[in-house]
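In: Have a look at this prediction, sequence included:
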Amino acid sequence: MALKKQIEDFSQALARLKEAYLLAEENRGSRYYEFFRDSSIQRFEFTVEIMWKAIKGYMGEVEGITCRSPKSCIRDFFSAGYLTEREPRDLLLMIDDRSRTVHTYHEEVAEDIFRRLGLYINLFDRVLGVMEENLSL
């Protein structure tokens, strides 16, 4: 898949995540909250998968670096100078939370992940912005 397409897919997935997240926040306290929260978490799962594959494509095409896993791609993206000192730690936590989403049938796990979605959305925006800026998209 061409890198430009991967980045476009990432951008679209992020936009859909933001929509779901805002709906969940707007419906906090209503009977629809859990539905929108769980929808947000599912969109988060998709966005993480698309993000790390976009980073993988970016690192291969722009830096000539082959990374094979989400965490190695994040570490390589940081090592190449695209992230601040704090961002890799938060992105690695994001990957761990993505793995925990299989347990979202537990209310406390779902709430814990949802509480961090605002931070994660900002991180997604940052990673997307870096790639778009460096490719002039």
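Out: Noted; the coordinates are in hand. From a predicted model like this one, the values you see are computed outputs, not experimental measurements. Numbers count the residues shown, from 1 in each chain.

In: got a list of what residue 44 touches?
Out: Taking Cβ atoms under 8 Å, 6 or more residues apart in numbering, we find residue 44 in contact with 17, 97-98, 101, 113, 117, 120. For the C-beta atoms, the positions are set from N, CA and C on the backbone; glycine is no exception.

In: 7 Å instead, please
Out: By Cβ atoms under 7 Å, 6 or more residues apart in numbering, the contact set of residue 44 is 17, 117, 120.

In: Can you name the next helix or strand after the one helix or strand in the chain whose mean pLDDT sits lowest?
Out: Within the chain, confidence by mean pLDDT, DSSP states H and E is lowest for helix 107-115 among all helices and strands, at a mean of 93. Where DSSP states H and E defines the elements, the next helix or strand beyond helix 107-115 is helix 117-135.

In: Give me the buried positions along that next one.
Out: 117, 120-121, 123-124, 126-128, 130-131 (16 or more other Cβ atoms under 10 Å).

In: do the same with stretch 66-82
Out: In stretch 66-82, counting by 16+ other Cβ under 10 Å, buried: 67, 70, 72-78, 82.

In: still on that earlier bit, dump the contacts of residue 44 into TSV; add pLDDT and distance to residue 7 as well.
Out: Listed next are those as TSV, based on pLDDT from 0 to 100; distance: Cβ to Cβ, whole Å:
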residue	pLDDT	distance to residue 7
17	98	15
117	98	21
120	98	18
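
In: Kindly reformat those as a markdown table containing distance to residue 5.
Out: Shown next, in a markdown table, are those (distance: Cβ to Cβ, whole Å):
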| residue | distance to residue 5 |
| --- | --- |
| 17 | 19 |
| 117 | 25 |
| 120 | 23 |
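
In: now the protein, which segments are flagged as low pLDDT?
Out: 1, 104, 137 (pLDDT under 70).

In: so residue 100 touches residue 110, yeah?
Out: No: using Cβ atoms under 7 Å, residue 100 and residue 110 do not qualify as a contacting pair, with a distance of 9.5 Å.

In: quick check, nearest of the buried residues of helix 117-135 to residue 28?
Out: residue 117 (12.5 Å; Cβ to Cβ).

In: now that closest one, nearest residue through space, not along the chain?
Out: residue 21 (5.4 Å; Cβ to Cβ, 6 or more residues apart in numbering).
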